[in-house]
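>>> Dropping the sequence and predicted coords here.
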Amino acid sequence: MSVAVKKRTRGMRGKESRLAWALISPTALIVFGLVIFPAIFSIWVSFHDVGLHNLNDVFHAPWVGFDNYVRVINDYAFKFQGFDNMGAAFTSVIYSFSATTLAIIIGIAASLLLNRPFKGRGIARAIFLFPYVAPIVSVAFVWRWILDPRPSGVLNDILMSLGVIEEPVAYLATRGLSLLIVILLDAWRYFPFCMLMILARLQAIDAKLYEAAKMDGANAIQQFFTITLPELRYVIGATFLLRLMWTFNKFDDIFLYTGGGFGTKVLPVLTYEFSFKLYDFGRGAATAMILLLVLALFLTVYVTVVMKNVED
């Protein structure tokens, strides 16, 4: 290759490289400004005393080391103090695992139903997707209207008319019951995601497996446990961990239903309260970092267990 051709090739490569950087620069700046910098800044804040008193000069806030983390862990709203006051950390675990497990179970049942041919199946799928696609704000206000503690509340009015209860019940303001209700509402809202993931895998199972099982005399229950469930185990595992991570990091659902009161306070709500009610931004950032560590643990399990099994 001649010297002139080499120079022309290097020139073209240089132009392509500059063009590539020019094209990705806007996206890179947005990602840095909205994701990378806030994440790094949150870590920095978690090791400093940052509040309203020095918010105008935050970069000169005093270093406190792990004091913010110690204060979070020792806070009565964070740690477990008994089943009457489980604390945000334990409540987050109960809420996330229970809601995710229930969503998976309902998703399996719905996917098995929709995998069978019947008249109006398309309409049924659209109806099943409604909880997932509906805006959370409108859904939350509808449920708060249904569960209104006054006698005019929809559920109270129906139950009192039927004679089931004698006086109205504050469903979202009763400790224990409120946590159960938000778990049920979370499972109801997000089971369509599980249903879609599982249904996609169900439709890929070879029908010959079921034909062979029928010839061997296996009934529907035996076919489910020997064929369907083993074929779904990887997608169920992946869906469970994804939904677990998303539920553990959820703020809007519980905040709109109960505001985090009556035994439903979870770590995202506690982070909000530390930061924007107590204006202790250092402690709020420390809570967010603890939440990040837990999510990183879930992600590690997802990558090392689920993704490895899928590759194998």
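Perfect, thanks for sending it. This one's a predicted model, so the numbers in the text were calculated from it and none came from an experiment.
>>> Kindly provide the distance from the residue nearest to Thr174 when sequence neighbours are not counted to Ile105.
Take Thr174 and drop its neighbours on the chain: the residue closest to it by Cβ to Cβ, 6 or more residues apart in numbering is Phe262, 6.5 Å away. In short, each C-beta sits where N, CA and C put it, glycine included. From Phe262 across to Ile105, the span is 26 Å (Cβ to Cβ, to the nearest Å).
>>> Which strand or helix spans the residue nearest to Thr174?
Phe262 is part of no helix or strand when elements are defined by DSSP states H and E.
>>> phi, psi of His48?
phi -130, psi 160 (degrees, to the nearest 10).
>>> What of Trp63?
The phi/psi pair for Trp63 (degrees, to the nearest 10) is phi -80, psi 130.
>>> Can you report how many residues lie near it?
Residue crowding around Trp63 was assessed by other Cβ atoms under 10 Å; the count is 9.
>>> Then Ser178?
21.
>>> and it, that's in a strand?
No - judged by DSSP: H, G, I helix; E, B strand; the rest coil, Ser178 forms no part of a strand; its state is helix.
>>> wouldn't it be in contact with Gly259 here?
No - taking contacts as Cβ atoms under 8 Å, Ser178 lies outside contact range of Gly259: 10.4 Å.
>>> who touches the most centrally placed residue in the chain in this structure?
Nearest residue to the geometric centre of the chain (Cα atoms, centre = their mean): Trp246, 1.9 Å. Listed by Cβ atoms under 8 Å, 6 or more residues apart in numbering, the contact set of Trp246 reads Tyr190.
>>> ok, now how distant is it from Ala170?
In terms of Cβ to Cβ, Trp246 sits 29 Å off from Ala170.
>>> Kindly report the same for Phe32.
47 Å.
>>> who has more neighbours, those two?
Each of Phe32 and Ala170 has its neighbours counted (other Cβ under 10 Å); Ala170 has more, 15 against 12.
>>> quick one: contacts for that one?
Applying Cβ under 8 Å, 6+ apart, the residues near Ala170 are Pro149.
>>> Could you tell me the phi and psi values at Phe47?
The phi/psi pair for Phe47 (degrees, to the nearest 10) is phi -110, psi 10.
>>> shouldn't it be in contact with Pro62?
No - using Cβ under 8 Å as the test, Phe47 is too far from Pro62 to be in contact (10.1 Å).
>>> The two: who's more crowded?
The neighbour count for Phe47 versus Pro62, taken as other Cβ under 10 Å, is higher for Phe47 (19 against 9).
>>> list the contacts for that one?
Counting by Cβ under 8 Å, 6+ apart, Phe47 has contacts Trp63, Val64, Gly65, Phe66, Asn68, Gly282.
>>> Try it again at 10 Å.
Ala61, Trp63, Val64, Gly65, Phe66, Asp67, Asn68, Tyr69, Gly282, Ala285, Ala286, Met289 (Cβ atoms under 10 Å, 6 or more residues apart in numbering).
>>> Please identify which of the residues you listed is nearest to Ser92.
Met289 (14.6 Å; Cβ to Cβ).
>>> burial measure for the residue lying closest to the closest one once chain neighbours are set aside, as a count.
Spatial nearest neighbour of Met289, excluding adjacent residues (Cβ to Cβ, 6+ apart): Ser46 at 5.0 Å. Neighbour count for Ser46, taken as other Cβ under 10 Å: 24.
>>> do the same with Phe298
Phe298, neighbours per other Cβ under 10 Å, totals 17.
>>> Equivalent analysis for the one 4 residues further on, please.
Here the count is done by other Cβ under 10 Å, and Tyr302 has 18 residues near it.
>>> And Leu159, by the same measure?
That count, for Leu159 with other Cβ under 10 Å as the rule, works out to 15.
>>> any idea where the helices of the stretch 201-312 of the chain begin and end?
207-215, 220-223, 229-248, 252-257, 267-276, 281-301, 308-311 (DSSP state H, counting those that start in this stretch).
>>> Can you lay out the ones you listed as JSON lines showing mean pLDDT and distance to Arg201?
Below are these laid out as JSON lines (pLDDT from 0 to 100; distance: least, Cβ to Cβ, whole Å):
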{"stretch": "helix 207-215", "mean pLDDT": "85", "distance to Arg201": "13"}
{"stretch": "helix 220-223", "mean pLDDT": "85", "distance to Arg201": "16"}
{"stretch": "helix 229-248", "mean pLDDT": "88", "distance to Arg201": "4"}
{"stretch": "helix 252-257", "mean pLDDT": "90", "distance to Arg201": "27"}
{"stretch": "helix 267-276", "mean pLDDT": "91", "distance to Arg201": "31"}
{"stretch": "helix 281-301", "mean pLDDT": "88", "distance to Arg201": "20"}
{"stretch": "helix 308-311", "mean pLDDT": "57", "distance to Arg201": "11"}
